[in-house]
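Colleague: Build the 3D model from these lines:
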Amino acid sequence: ASYKNVMSVAAVDQNKKKASFSTYNSQTEIAAPGVDVLSTITASSGTVFGYATYSGTSMACPHVAGAAALLWSHFPACKNSQIRNVLLGSALVQSGTCNTSYGHGIVQVRDAYDLLDREGCAAGGVPTDPLSDNSFGGCEQGPQLSLSPTRTAAPVMASAAPSTSPTNPTATPSRSPTAIRN
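Modeller: As a prediction, this is how the structure comes out:
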């Protein structure tokens, strides 16, 4: 979808390269895995379940939607525009800067979580009002965030056990993300 109030998602492969079939235009905001993605399937009129791999932006979009839902479940006070902007600001930049092929970069849910955990909802800027109607879309979307464009992906989180850090010495299990992967 290429509307300013909808996140336009590009598909990338396992090498972080834009898929040949992927959407790309001035409204592209973010990229996510979209090539050979394992998905659940049903057969025999819904009585048999299994797995198959599919490719498409229809596989990339659920990655971004899932990342947004996961973040919102841990930070329910944030507005949708703030979650959107944090996803964009924490994305792994490709080709040096925001562009029509990858948007702000490849979604990095762990980096987004860490940014919200460190800075709160304010990390996503001032909420727009009405929430989506004042969006810009594409590379124009999102406030200037505190992450550098040369950041690297955070390590994969191996367990749901809470951890402590200098910025969050009292992490609790209810706020600790489970099975977050980049």
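Colleague: What ranges in the chain fall below the confidence cut-off?
Modeller: Residues of the chain meeting the criterion pLDDT under 70: 1, 129-133, 143-182.
Colleague: Centre of it to the edge, which residue is at the far end?
Modeller: Relative to the centre of the chain, the most outlying C-alpha is that of residue 44, 34.1 Å out, by CA atoms, centre = their mean.
Colleague: Grab the longest helix from this protein for me.
Modeller: Looking across the chain with DSSP state H, the single longest helix is helix 57-74.
Colleague: Contacts made by that helix with the rest, please.
Modeller: 7, 9-12, 21-23, 30-35, 37, 39, 78, 80, 83-84, 86-87, 107, 109, 112-113, 116, 175, 177, 180 (CB atoms under 8 Å, 6 or more residues apart in numbering). Using the backbone N, CA and C atoms, a C-beta is placed for each residue, glycine as well.
Colleague: Make a ChimeraX selection of the buried ones in the residues you listed.
Modeller: Selection command for ChimeraX covering only the buried members of the contacts of helix 57-74, criterion 16 or more other CB atoms under 10 Å:
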select :7,9,10,11,12,22,23,30,31,32,33,34,35,37,78,80,83,84,86,87,107,109,112,113,116,177,180
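Colleague: Can you flag which of the contacts of helix 57-74 belong to helices?
Modeller: 80, 83-84, 86-87, 109, 112-113, 116.
Colleague: List just the nearest of those residues to residue 127.
Modeller: residue 80 (8.1 Å; CB to CB).
Colleague: Would you mind measuring from the closest one to residue 117?
Modeller: Per CB to CB, to the nearest Å, residue 80 is found 19 Å from residue 117.
Colleague: picking up where we left off before, closest to residue 52 among the ones in helices among the contacts of helix 57-74?
Modeller: Using CB to CB, the shortest approach to residue 52 within those belongs to residue 109, at 24.0 Å.
Colleague: Tell me how many other residues surround the closest residue to the closest one other than its chain neighbours.
Modeller: Distances taken as CB to CB, 6 or more residues apart in numbering place residue 67 nearest to residue 109, at 4.1 Å, with adjacent residues excluded. Counted with other CB atoms under 10 Å, the neighbours of residue 67 add up to 23.
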